[in-house]
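Engineer: Prediction below, plus the sequence it came from.
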Amino acid sequence: MKCGMSLVLMGAMLLGSCVPASRQESPVVYGAGSGTLTVATGSPGELGLLKVLAEEFSRENDVRILWRKAGTGESLQLLQDRRADVIMVHAPAAEKQAVSEGWATHRTLIGSNEFFLVGPGDDPAQVQAAKTAAEAYQQIARSQAKFFSRADNSGTHQKEMAVWQKAGIAPGGSWYIRTHDFMMPTLLRADAERGYFMTDSSTWVVGKHQVSNLKLLFKGDPFIVNVYHAYCQPAGATAGAALAAKFVDFLATEKAQQMIREYGKDRHGEGLYNDASYAQQFE
């Protein structure tokens, strides 16, 4: 199924399925308790943050946690279909719609990162001179330099499309490459093919040592700050609903928040995520 390129960030694009069959992976299991809780998320799982949070919660609550690797659009769909108990996502418009429809509850701010625009060192589109993300996108489109899009209805893809909309551009053509893949594989492909990509800062901290052609070229526009919330099932909706609410509450505790703001410092010299207190200014 091909993903539509509509710039409307609501409705079917937000909640519809646009996920290749290769993504239907077996859940990763953390802990060995008697209860079971399914959590759907993308980069926080891919980069290991969910693992440390899940293992801590598991030790205290006699539960095993199953991680379903899914971008924000797919995570929302899993929650709506009652195939996930908890989601950790970053697409505010889609989240608000889910809350208004009643199948996503217990909205909890958990932290943030931001998006960076990375690209080849010679910067053929001159995005380093841009003052806003929208201006950077306009320069990429004007130059028709390669740009890689996840094109997967993830939170990253939805934010990317919001930037294109702000720039007044409907992207298309041979220069605009849709990967239908997760963050790190798309970053590595952009490096191999010397193209631009909007990655989150957390992935860049981990991945910048794995690339040889890409540099950080643009950051700092408040429009591309990336705020994460957790949601869970309504009470009684799934067998794990009660544990789900407890896990979401745990994410807001000082213990979990310290884990979030400190995560990555030991390995990378800097944290991968900001905590909820910092993220609050962008709500």
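Structural biologist: Done, it's in.
Engineer: what number of residues lie near residue 236?
Structural biologist: Using other Cβ atoms under 10 Å, the number of residues around residue 236 comes to 8. The C-beta positions use only the backbone N, C-alpha and C, and glycine is treated the same way.
Engineer: any idea how far it lies from residue 246?
Structural biologist: 14 Å (Cβ to Cβ, to the nearest Å).
Engineer: ok so residue 230 is a strand residue?
Structural biologist: Yes - looking at residue 230 with DSSP: H, G, I helix; E, B strand; the rest coil, it is inside a strand.
Engineer: In contact with it, which residues?
Structural biologist: The contact partners of residue 230, by Cβ atoms under 8 Å, 6 or more residues apart in numbering, come to 86-89, 106-108, 110, 247-248, 251.
Engineer: Next, residue 246: secondary structure please.
Structural biologist: With three-state DSSP as the criterion, residue 246 reads helix.
Engineer: Quick check: what element follows the longest strand along the chain along the chain?
Structural biologist: Using DSSP state E, we find that the single longest strand of the chain is strand 105-120. Proceeding N to C from strand 105-120, the next assigned helix or strand is helix 133-143, under DSSP states H and E.
Engineer: Now do the helix or strand just after that next one: everything it contacts.
Structural biologist: Sequence-wise, the next helix or strand downstream of helix 133-143 (DSSP H and E) is strand 147-149. The contact list for strand 147-149, computed with Cβ under 8 Å, 6+ apart, reads 140-141, 157, 160, 171, 175-179, 186, 189-190, 193, 195-197.
Engineer: what about strand 147-149, average pLDDT?
Structural biologist: The average pLDDT for strand 147-149 rounds to 98.
Engineer: and if you look at stretch 187-200?
Structural biologist: pLDDT averaged over stretch 187-200 gives 98.
Engineer: Just the endpoints, please. Distance across it?
Structural biologist: End-to-end span of stretch 187-200 (Cα to Cα, to the nearest Å): 10 Å.
Engineer: outside of it, which residues touch it?
Structural biologist: Contacts for stretch 187-200 (Cβ under 8 Å, 6+ apart): 43, 113-120, 125, 127, 133, 140, 145-148, 156, 159-160, 163, 177, 179, 181, 183, 186, 203-204, 207, 210-214, 217, 224, 226.
Engineer: now those residues: which count as buried?
Structural biologist: Buried residues within the contacts of stretch 187-200, defined by neighbour count using 16 or more other Cβ atoms under 10 Å: 43, 113-120, 125, 127, 133, 140, 145-148, 156, 159-160, 163, 177, 179, 181, 183, 186, 203-204, 207, 214, 217, 224, 226.
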